[in-house]
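Peer 1: sequence-free structure coming up:
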């Protein structure tokens, strides 16, 4: 720790501490710095140290400590106001507002003292000549807190009517407070209109848009604007996550999770901030936090998860039910203290209302990783026949209706029949159908039960259905892996049913059942083949499918089962054509099969074939058909579609839609894919891939904060082993871009370096070079010049090895600028920039007849001369003698002139680059006292854009160049005069 020996050292230490993260460590350092300031025996030093201490307390969980330094500051002001400079005088009056809010937030401070302080603030502001705007804002806060709506509305109106002056809160903070009141009064639309400038970035400050984003969540949910609510949560939580003082805003995000079915996400948020359960420095935000903890825990309890372990106050383990009770007691006790102080029940009423909220959305997918807690299993009671319930005959009729028409839940309906028939003597046919459907529910393990069903069908006098049941028994053996045994088992039923059908001893439906079973077994041989399928295997399966179709085509009529056999037969031919390499026929036949299932009112059976069709259409380049098929599959699946299938379809649709440039819609589909993957328990595998894609689509839209949250969530599950190194590198790359855009340069550098380390092992090194270069940029922006230079050196080596002159030159230019700002100084910077010029010249000399490549290199040379000129001009030290400054400017002008000449050689394509260099040269001419030459350059720029006329005003570059040239002419005129 650097010793504080003078006022300048103290100021540097105060500035350094201001940049530290909020929290007790920063506060403790502020306390130490106050002790050091007192040793200097300079009143202003103590005043600044007290102001700093007050500020860090206010922006922390120890807000209750700020009253002591403020009281001391106020006493010093009253005794010796001349010790305060202009800034500290302003700061003292500014923090009156913090004191008013701070007193209100501490229930042990009497309301009379708060009101007295409000009067003191009004008096001192009037003496200092300030507007009453800040005073009325503070009065509004008092009235709103105690529930005095009439006074709050009067103060609110007076606040808005008063003039803005230097004591008014910033625009962003004022708009937050004004919008908050509209939302409190149920005027959500008006609130969001007020917040719009903050949300759109027109106004911001240290804590905005953080709080506006948090406050907007519930109003957006109430208005049904779910997309915006999701975006505000992802964007806003990222902002408040690291700021200890923002417990109230953090609570808003926990509340959002509780109200949108994202309980697991809410638990993750609680786990990140265990101190929020117990920090006492700001009782009002503790009350807000505990209230939403109750809301979240009671949501879990209502879903049967009261016994689930949850994060809570340190010192013991907590279940959801126990934490709900504890947090409720703590919150209501704290609310009671406020109400006792205020003389109204308002705070308790508000807390209870917040705890009692019901979900506004059953489930709002966020795109981030969080498995939904599973509801506790419920053991159904034994069925009891109640008056009015369907009797056994009705259950039988309904089960037959469902199975005859291939409706969903037919198996469950027959299971209900079986339960209702316990102890009842049924005929053989009924028992056969019960056994048949029981076997269907057993999947590969149902062979024996199918055989039992076959015996019962035979007993019931239906030999055809008995043979069909035996064929089904054979097929499930194939599903269990014994294809050859299945073929042997189906041989006799196949021969027997053909003979029986020829004799008129059974119907088409039963014969088709056996033929379908045999065809399915032969298709299993096709599916299980490794590599290319042998032609005899394909031919056997095709013959079986065509034999089935020959039997049933044209005979289906209104029989749904036979219509399904026709459609499945065509689907088999589609699969076989595809396996044989005839993709066009495969696509056509899959489309036919899907259409036949839909025509038979069996759309859920069409899903698989629409999905297969989509893949083939994509392969054939027919993206419109692929998109149509995927949308149809999702529509046809309806409620019958399993979560994992839904996830796969949505992700394929996202890729197709994204491929035609519709990133916003593609992001919506990828979001659904991530959600359904989580629902299917595939979050760490398929869900991670979906989040990777979602993050990429958000990046394409410039939604950096949302993308960063999603990509960080994806990286938690993405692995080289499971997903491959390509997606891992791409996710790190995108995340680095996001963090760079958000100003988190050190973190961006870490992501880019991690991605570069993986790409280092790839045969093709362009990505490695690019990532190393980007990492160097981030390190430079993060204030780590030495590390940045090392990274640029590495990138330059890679660019040189790849023969990429542009990348090499840019790395040299970047190193030159770093050198200028570092200890190496001007000489090293000149050497590097000269090296960049030489690399361009050498590459141009070695170039063949590629005109496009030549023009790109010439442009690179022009930009290098331009930057060389800028660098030399910047290197002219202010404290140097006039001759050295003039020499540096002359050199800079020479480089600018070279840049202009190079750009002129490229014609109109380089007009903007040329005029930019021309203007830069013109300003150097003015610095060197050559107004005529500067004016000539300005006029050259105006001539360059003369042909654009008024139309050029629509081009921002044209407008900017013209305005700068006009400004230069004006300066030159004044210089000449």
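Peer 2: Alright, I've got the coordinates. Every value quoted in this text rests on a predicted model; they were computed, and no experiment measured them. Numbering: from 1, shown residues only.

Peer 1: could you pull out the strands in the stretch 301-450 of the chain for me?
Peer 2: In the stretch 301-450 of the chain, the segments counted as strands under DSSP state E, counting those that start in this stretch are 309-310, 318-319.

Peer 1: for residue 294, report the pLDDT, please.
Peer 2: Confidence at residue 294, expressed as pLDDT, is 98.

Peer 1: list the helices and strands the helix or strand hosting it packs on?
Peer 2: Taking DSSP states H and E as the criterion, the element that holds residue 294 is helix 283-302. For helix 283-302, the packing partners by 3 or more C-beta pairs under 8 Å, 6 or more residues apart in numbering; DSSP states H and E come out as helix 247-259, helix 263-272, helix 320-342, helix 346-355. Bear in mind the C-beta positions are built from the backbone N, C-alpha and C, glycine included.

Peer 1: nearest to residue 909, of the strands of the stretch 301-450 of the chain?
Peer 2: Relative to residue 909, the nearest member of the strands of the stretch 301-450 of the chain by C-beta to C-beta is strand 309-310, separated by 63.2 Å.

Peer 1: so which residues of the stretch 701-850 of the chain form helices?
Peer 2: All helices of the stretch 701-850 of the chain, identified by DSSP state H, counting those that start in this stretch, fall at 704-715, 720-723, 725-741, 745-759, 766-781, 785-802, 805-821, 825-845.

Peer 1: from residue 602, how far out is the residue lying closest to residue 553 once chain neighbours are set aside?
Peer 2: Among residues not flanking residue 553 along the chain, residue 566 sits closest, at 5.7 Å (C-beta to C-beta, 6 or more residues apart in numbering). Separation of residue 566 from residue 602 (C-beta to C-beta, to the nearest Å): 11 Å.

Peer 1: again, but for residue 424
Peer 2: Residue 424 is 32 Å from residue 602, where distance means C-beta to C-beta.

Peer 1: tell me which of the two has more neighbours.
Peer 2: Neighbours were counted for residue 424 and for residue 602 using other C-beta atoms under 10 Å; residue 602 has more, 20 against 8.

Peer 1: my guess is the more buried one meets residue 406, correct?
Peer 2: Yes - here residue 602 reaches residue 406: they are 5.8 Å apart, a contact under C-beta atoms under 8 Å.

Peer 1: mind listing the shared neighbours of those two?
Peer 2: Residues touching both residue 602 and residue 406 (C-beta atoms under 8 Å, 6 or more residues apart in numbering) are 560, 564.

Peer 1: quick one: pLDDT of residue 396?
Peer 2: Looking at residue 396, its pLDDT stands at 92.

Peer 1: quick revisit: and the helices and strands packed on helix 283-302: which comes nearest residue 595?
Peer 2: The closest of these to residue 595 is helix 263-272. By C-beta to C-beta, the value is 41.2 Å.

Peer 1: packing partners of the closest one?
Peer 2: Secondary structure elements in contact with helix 263-272, counted by 3+ C-beta pairs under 8 Å, 6+ apart, are helix 247-259, helix 283-302.

Peer 1: helices and strands around the helix or strand hosting residue 856, which ones?
Peer 2: Here residue 856, judged by DSSP H and E, is contained in helix 851-875. Contacts of helix 851-875 with other secondary structure elements, assessed using 3+ C-beta pairs under 8 Å, 6+ apart, are made with helix 805-821, helix 825-845, helix 882-904, helix 911-927.

Peer 1: for residue 201, find the nearest of these.
Peer 2: Shortest distance between residue 201 and these, using C-beta to C-beta, is found for helix 911-927: 27.0 Å.

Peer 1: okay, residue 473 and residue 489: tell me how far apart.
Peer 2: 7 Å.

Peer 1: just checking, residue 897 touches residue 921?
Peer 2: Yes - in this structure residue 897 lies within contact range of residue 921 using C-beta under 8 Å: 6.0 Å.

Peer 1: the inter-axis angle of the worst-scoring helix or strand of the chain on mean pLDDT versus helix 283-302?
Peer 2: Taking mean pLDDT, DSSP states H and E as the measure, the helix or strand of the chain with the lowest value is helix 96-104, at a mean of 83. Orientation check (axes from the mean of the first three to the mean of the last three C-alpha atoms, to 10 degrees): helix 96-104 against helix 283-302 gives 50 degrees.

Peer 1: what packs against helix 96-104?
Peer 2: On the basis of 3+ C-beta pairs under 8 Å, 6+ apart, helix 96-104 makes packing contacts with helix 43-58, helix 67-79, helix 111-128, helix 133-146.
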